[in-house]
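1. model this:
(chains A, B and C)
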Amino acid sequence: MVRTMNALGTGSRGVLLAAFAVLVFGALVVVKGYEAAAQATANGLVTGTYFALGAVGLALVFGVLRLVNFAHGDFLTFGAYTALLANVFFRLPVVVATAVAVASTALLAGVLELVLWRPMRARKAGGLQLLLTAIGLAFVIRNCIQLVAGTEPRGLRVDVTSAVTFLGGVRMGTTELTVMVVGLAVLVFVAVLLSVSRLGREMRALADNLSLAEVAGVDTGRVIIATWLVAGSLSGLAGVLVAAAVGVLSPQFGFQLLLSLFAATVLGGIGNAYGALAGGLMLGLTQEWSTLFIDPRWKLSVGFVILILTLLARPNGLLGRPALK
Amino acid sequence: MADPIFAVRDLAKSFGGLQAVDGATFEVERGSITALIGPNGAGKTTLFNLVTGFIKPDRGHIEFDGRSVFGRPPHVVARQGMLRTFQITKALAAMTVIDNMMLAAPDQPGERLLGLATRPFTWRRQERAIHARAIDLLERFQLSRLATAYAGTLSGGQRKLLEFARLLMARPRIVLLDEPLAGVNPVLGRQILDHMHELRTKSGITFLFIEHDMEVVMNNADRVVVMAFGRVIATGLPSEVRRDRLVIDAYLGAHGEDVA
Amino acid sequence: MSLYLVSLDSFGHVDFWLGVGIVAGIYSIFTLGLQLNVGFTGIVNLGQAGFMAIGAYAMAILILTYGWSPWLALPAATLVAMLAGALVAIPSVRLRGDYLAIATIAFAEIVQSTAQNALGLTGGNNGLLGFDAWWQTIQVSMLGLLNLIGLGTQDQIPLFLLVWITFLVLMLILLALQHTPWGRVLRAIREDEDAAAALGKNAYAYKIQSLALAAAIGAIAGYLLALNITIIYPGTYSADFTFIGFAILVLGGLGRYAGVALGSILLWFVLEAARFIDLPLPGDKVAAIRLLVVGLVLIFVMVLRPQGLLGRRQEMVLRG
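-> Just a heads-up that it's a prediction; the model follows:
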């Protein structure tokens, strides 16, 4: 079965995964009843959407730069809190606040590339150096946010009470539904962009082989900045969506999500943006489906266990590049 | 072949779409000096990596002294007595020359935590013996005065000698040399070849070396194995192989110049 | 900075600085394990806090639930931690460096999550108490002895001594190990695994041993931490703890065990001395400043002086 998986291309594997998910859903309906299964699936899609948005950014940065960005989760926090600032403090409408979040996180990512990552790469900084710098950066970002905003839980000014019921018993908050729809739309847009745009092709070329891409005339500096801007935008958006879906925020939430984002990226195949997308959705679904069988407080651990199992059994992930030496 | 120490049959490896080694078959006679030649991209270094366990082959058979080593990890292959050098020398730069040498000595109980705990005096005694043997070997290669220098401070040629001396510490039965004379001045090159002949005669070590210089091959190899496009296209005496039509075609095709 | 009041009267407070010294010592021991892994084996162990938790919880559970004597529980818990280290290492060490880092941090998160949720076993967020009765008894005797030389009034001295003597013993053991053939293989693996493998050395086995040893060291740090705060609860064993350890590691310099002590003392001096500046800020924001400083230390060391204070430039073989 593994051989067959390897032989198929990314697209066909994606279809296979979707088919598999539908099968699992069917099995759950049989075992737990339609309502429970459908509700869990709906919740899973909401979570999966922002997992996927976060994971795609992580995968793009890793693919192009071979950098495991430990500060990525805190980009989400940054996005959420800038939205918070715009929405709660400056009383701007949520949509505007979201735009502010996306733009400011993209800006943060871009500035960091110019000020920190580029000079370090120029001085031939090693992998460990970059990893630890990312960890330090993560500390700085989330603690600056905590310094300014404190740890008291805050929330966006969004509708947290109204809900819709559809598809025979599935109940979802209006905000959550919006989050899911917006998130999925952006994901589709990004996936299409990656396949057809010149930038997308260049990103994938760099991810495959940096020196070869350089020789082929790709302006690596420009593509790298673009990668950071895209990753920053996606994480900013993901942060806002989490804030809207979950309701309350603390400065640690992004870092707490980071491991789940790693799990999604590894599951999908690190460095592969499509994989991260699929991985994020699958992880969200799996986490919620697990609550049908085990106590919900173990929900997060499900993600970590999946991460470890993936690293053990199939380090390349479902769609990805070699992880073994 | 009368007494093959090492045999490869139908060995293959592909990377993505590229078939690097495509069914290679040949044998190496015990105690011989065999040259592995072929145009660039023929798969020679990949073959080395496959037989020494650094890359896992897709299919085939690899036999060393009658035992299969197919799919065995590199440290196991090395422990069985098949040692190799690398195209880019792997002298451990952050360690001293003498440390590099002593590292290579086989069967050291002091290298295992359990051994350290259970035999504290044995390993210390062994260290002294290994040290003496290392100095002896370094003297033979005229490197003993550099014993306490960091390997990273040695010249390129000195590092090649160190890599050679180091693998001799491990008591090899067959040595695979990946372009031993590349980037080395002729005097040093001559030294390396002399060492090779002496070790073969005195210690019975078999040598398989990748080489591009035909003169060197003609003058030093007992037998030649020719690879092209991932396959072995000819084996035999140097004089036979140089006249082989297939070999000439392979080289003409690749270089556009006469090999004779 | 004259806007804020600096309360100098506490500055000379011995008890306060003893407390800081104890914390610095515990972190030093914790980071010895990281030094072995990162500085001497070349593997990035981001899960050290998880091993610390396993050691501490195992010790407490053996003493409280099963009534074991601490003299049995401590070595047994250390073995449990070592086993955990080996189990985590076995599948992880064949992965690339950054994946190994992720695997170890995932493990640590699972440990912390289990500590929070397995209420029956670990007491959840309420934590475990009362496992240190034996230490209280020893402390009283030690204070009695210290009284004879006039130091009996500083009740933190026994733990201070225990922590730093433990550190010295562990450091000497590690230094001795480095000068053995085992240590030589480790250095070779750190620089070039393939070269070591070509000479017959099984790199995976050594990495597993390195992680298992670091786990044991982490467990020991865990016991001392538990004795210091007299409670074992999940929040202590967080990823932040490991990251602070890494800040200490790089500050002192990779490849120098003594550097670990220097880094820890310096960092904790800076972090704790800041207490004397009375900032008009609530507790959570002050905590944020401290961690902000840790992050800045990590960044500045990596950018400006990656070999740290005691590391040597030419021995700098940093790999990801």
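
2. Any figure for the gap between whatever residue of the stretch 51-200 of chain A ends up closest to chain B and C:I43?
-> Nearest to chain B, among the residues of the stretch 51-200 of chain A, is A:G126, at 13.8 Å (C-beta to the nearest C-beta). No exception for glycine: its C-beta is placed from N, CA and C like everyone else's. A:G126 sits 14 Å away from C:I43, going by C-beta to C-beta, to the nearest Å.

3. Which residues of the stretch 1-150 of chain A lie near chain C?
-> Within the stretch 1-150 of chain A, the residues that sit near chain C (C-beta under 8 Å from any C-beta of the partner chain) are A:66, A:68, A:116, A:119-120, A:125-133, A:135-140, A:143-144, A:146-147, A:150.

4. mind checking the SS state of B:R200?
-> The three-state label given to B:R200 by DSSP: H, G, I helix; E, B strand; the rest coil is helix.

5. got a list of what the nearest residue to it once chain neighbours are set aside touches?
-> Excluding its sequence neighbours, the residue lying closest to B:R200 (C-beta to C-beta, 6 or more residues apart in numbering or on different chains) is B:I33, at 5.8 Å. Residues counted as contacts of B:I33 (C-beta atoms under 8 Å, 6 or more residues apart in numbering or on different chains) are B:M196, B:H197, B:R200, B:T206, B:F207, B:F209, B:N220, B:A221, B:D222.

6. now the strands for chain C?
-> With strands called from DSSP state E, chain C shows them at C:5-6, C:128-129, C:231-232, C:277-278.

7. how about those, which one is nearest chain B?
-> strand C:231-232 (29.4 Å).

8. Report all helices and strands that the closest one contacts.
-> Packing partners of strand C:231-232 (3 or more C-beta pairs under 8 Å, 6 or more residues apart in numbering or on different chains; DSSP states H and E): helix C:48-64, strand C:128-129.

9. Neighbouring strands - and their directions - for that strand?
-> Take DSSP bridges as the rule and strand C:231-232 pairs in its sheet with strand C:128-129 (antiparallel).

10. Can you give me the neighbour number for B:S68?
-> By other C-beta atoms under 10 Å in any protein chain shown, the residues close to B:S68 number 10.

11. how close does it get to chain A?
-> 23 Å (C-beta to the nearest C-beta, to the nearest Å).

12. residues in contact with that residue?
-> B:H61, B:I62.

13. How about it: which residues does it bridge to?
-> B:E63.

14. ok so, going back, buried only: go through the residues of the stretch 1-150 of chain A next to chain C for me.
-> Among those, the ones that count as buried by 16 or more other C-beta atoms under 10 Å in any protein chain shown are A:66, A:68, A:116, A:120, A:125, A:127-133, A:135-140, A:143-144, A:146-147, A:150.

15. So which of those residues sit within strands?
-> Per DSSP E, these never map to strands.

16. Show me which residues of chain C sit near chain B.
-> Counting by C-beta under 8 Å from any C-beta, the residues of chain C that sit close to chain B are C:177, C:180-182, C:184-185, C:187-188, C:191-192, C:194-203, C:209, C:314-315, C:317.

17. Mind checking which of those residues are buried?
-> Applying 16+ other C-beta under 10 Å to the residues of chain C next to chain B flags C:177, C:180-182, C:184-185, C:187-188, C:191-192, C:195-203, C:209, C:315, C:317 as buried.

18. gap between stretch C:299-307 and the chain center?
-> In terms of C-alpha atoms, centre = their mean, to the nearest Å, the centre of stretch C:299-307 is found 21 Å from the chain centre.

19. Oops, could you answer that again for stretch C:294-307 instead?
-> That offset, for stretch C:294-307, works out to 19 Å (C-alpha atoms, centre = their mean).

20. Contacts made by that stretch with the rest, please.
-> A:116, A:119-120, A:125, A:129-130, A:132-133, A:135-140, A:143, C:243-244, C:246-247, C:250-251, C:253-254, C:267, C:271, C:308, C:313, C:315-316, C:318.

21. Break down the chain into its helices, ranges please.
-> Since you didn't name a chain, this refers to chain A. A:2-7, A:10-32, A:34-65, A:72-84, A:94-112, A:118-122, A:127-149, A:174-196, A:198-208, A:210-215, A:220-246, A:253-268, A:273-290, A:299-313 (DSSP state H).

22. Actually, chain C is the one I wanted.
-> Going by DSSP H, chain C shows helices at C:14-34, C:40-41, C:48-64, C:70-92, C:97-117, C:119-122, C:133-148, C:157-178, C:181-191, C:193-198, C:203-229, C:239-252, C:257-273, C:283-304.
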